[in-house]
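Asker: got a structure for you, letters missing:
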Ligand code: GDP
């Protein structure tokens, strides 16, 4: 008589007939010891598989294939780089499927933040960028904030459908999915490891109990984000990991701020006023006279002005310059995608020029805080 096998990860009865049902294991995997079901395998190996990325064309093609499904789409964006991590035209590609906008990394904002106001800001910003959503959830994947609400919204919106998770690289997608897997699964404790044949690196399906799945898609690499242009080793300077300590500078006209050697902010014209910099505290900010700025950059980039250090600086595209006029009485942020933003506090208006490596996106917006 045939022996009944059980998964050594979760204990479920194994079967080889239906990949959509619990306990599925492909025949080849039975040769491996210990034997675990596909679900356990994917949960166990999620971290090793989740680094796939796509360029723009392939990414849009992938989104197009979501358009042929009936699913719920979770679009995860980085609060720290909202405009830079939003997928432009998402809805056009994914058809009529509902979108839940998940805004990650809220732990970077001060504890005293008015979250209702922030929620409204996100709503307005999403609308201005042409994104229609079924809901907005503010979370911190890293600090496990906002997950109760996220799970509730997902269950409400999902209506028995698959969940596709889409986003740009470095927005925290894998951190979030790791948490979702934990919350959606009843698995406890250590799973046993086994190598598993026939796993695709493109779409990672994490089976749910009702036969549907959470499907993780490769992240899109947006070259307009500084995070994707800097050397991998410099990411730890650029990506903040602690709540931001805003740095306030009182500047006269014709003064310049350097953010390492990654970007430059010239206050060209206007009354003396304050500018607040929201970026990783690991970035050294250097103030100088506008007249000296070119020379300082030529002579000290990669040294006094870093990151990046001198051995990595030539990998960055050369600076291009964007003039920004901030109107009188407006509350304006100038976002440098992937680096952070500068809040212009002045009532008087200001003429500014921002220098960033060619291709990096600049966004001028109503202040986030
Ligand atoms: P993915 O490329 O979208 O899968 O992003 P990862 O999950 O690998 O995260 C990218 C970076 O963002 C890592 O350095 C994470 O530690 C960090 N990160 C992810 N989630 C959060 C969060 O909620 N808050 C903060 N501060 N950092 C986060």
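Answerer: All right, it came through fine. Small disclaimer: the values here were computed from a predicted structure and weren't measured.

Asker: mind listing what the nearest residue to residue 212 once chain neighbours are set aside touches?
Answerer: Leaving aside its sequence neighbours, residue 212 sits nearest to residue 162 (Cβ to Cβ, 6 or more residues apart in numbering; 5.0 Å). Heads up, the C-betas are built off the backbone N, CA and C, glycines and all. Going by Cβ atoms under 8 Å, 6 or more residues apart in numbering, residue 162 touches 69, 70, 71, 72, 212, 213, 214, 215.

Asker: again, only using 10 Å
Answerer: By Cβ atoms under 10 Å, 6 or more residues apart in numbering, residue 162 lies in contact with 66, 69-73, 97, 205, 208, 211-215.

Asker: okay if I get the residues you listed as a markdown table plus distance to residue 36?
Answerer: Formatted as a markdown table, the contacts of residue 162 follow (distance: Cβ to Cβ, whole Å):
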| residue | distance to residue 36 |
| --- | --- |
| 66 | 29 |
| 69 | 27 |
| 70 | 30 |
| 71 | 27 |
| 72 | 28 |
| 73 | 29 |
| 97 | 32 |
| 205 | 16 |
| 208 | 17 |
| 211 | 19 |
| 212 | 20 |
| 213 | 17 |
| 214 | 18 |
| 215 | 20 |
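
Asker: now, which of the residues you listed lie within strands?
Answerer: 71, 72, 73, 205, 213, 214, 215 (DSSP state E).

Asker: wait, isn't the fifth one in contact with residue 158?
Answerer: No - with contact defined as Cβ atoms under 10 Å, residue 213 does not count as touching residue 158 (11.1 Å).

Asker: show me where pLDDT drops low in the protein?
Answerer: Counting by pLDDT under 70, the ranges of the chain that qualify are 1-2, 47-51, 183-202.

Asker: quick check: longest helix of it.
Answerer: For the chain, the helix that runs over the most residues, judged by DSSP state H, is helix 115-128.

Asker: paired strands for the following helix or strand past that one, with orientation please.
Answerer: As assigned by DSSP states H and E, the chain's next helix or strand after helix 115-128 is strand 135-138. Note on strand 135-138: by DSSP bridges, its sheet partners are strand 99-104 (parallel).

Asker: for the strand it pairs with, buried residues please.
Answerer: The neighbour-count check on strand 99-104 (16 or more other Cβ atoms under 10 Å) flags 99, 100, 101, 102, 103, 104 as buried.

Asker: distance of whichever residue of the stretch 51-200 of the chain sits closest to the ligand relative to residue 84?
Answerer: Of the residues in the stretch 51-200 of the chain, the one nearest the ligand is residue 172, at a distance of 2.8 Å by Cβ to the nearest ligand atom. Here residue 172 is placed at a distance of 14 Å from residue 84 (Cβ to Cβ, to the nearest Å).

Asker: what do you get for residue 231?
Answerer: From residue 231 across to residue 84, the span is 19 Å (Cβ to Cβ).

Asker: what do you get for residue 234?
Answerer: Taken as Cβ to Cβ, the span from residue 234 to residue 84 is 17 Å.

Asker: now do residue 314
Answerer: In this view, residue 314 and residue 84 are 24 Å apart by Cβ to Cβ.

Asker: again with residue 32
Answerer: 42 Å.

Asker: show me which of these two is the more surrounded one.
Answerer: residue 84 (25 against 15; other Cβ atoms under 10 Å).

Asker: ok, residues contacting the host helix or strand of residue 297?
Answerer: Using DSSP H and E, residue 297 sits in helix 290-300. Identification of contacts with helix 290-300 by Cβ under 10 Å, 6+ apart yields 251-258, 261, 264-268, 286, 288-289, 304-306, 310, 319, 353, 355.

Asker: residues contacting the residue sitting nearest the centre point of the chain?
Answerer: With distances taken as Cα atoms, centre = their mean, residue 171 lies nearest the centre of the chain, 1.3 Å away. Shown in contact with residue 171 (Cβ under 10 Å, 6+ apart): 75-81, 84-86, 102-105, 141, 219-220, 222, 225, 227.

Asker: filter those down to the ones near the ligand?
Answerer: 104, 105, 141, 219 (Cβ under 6 Å from any ligand atom).

Asker: now for those residues: which two are most distant?
Answerer: 105 and 219 (15.0 Å; Cβ to Cβ).

Asker: what separation do you get for the residue lying closest to residue 219 once chain neighbours are set aside and residue 229?
Answerer: Spatial nearest neighbour of residue 219, excluding adjacent residues (Cβ to Cβ, 6+ apart): residue 169 at 3.8 Å. Look at residue 169 and residue 229: by Cβ to Cβ, they are 12 Å apart.
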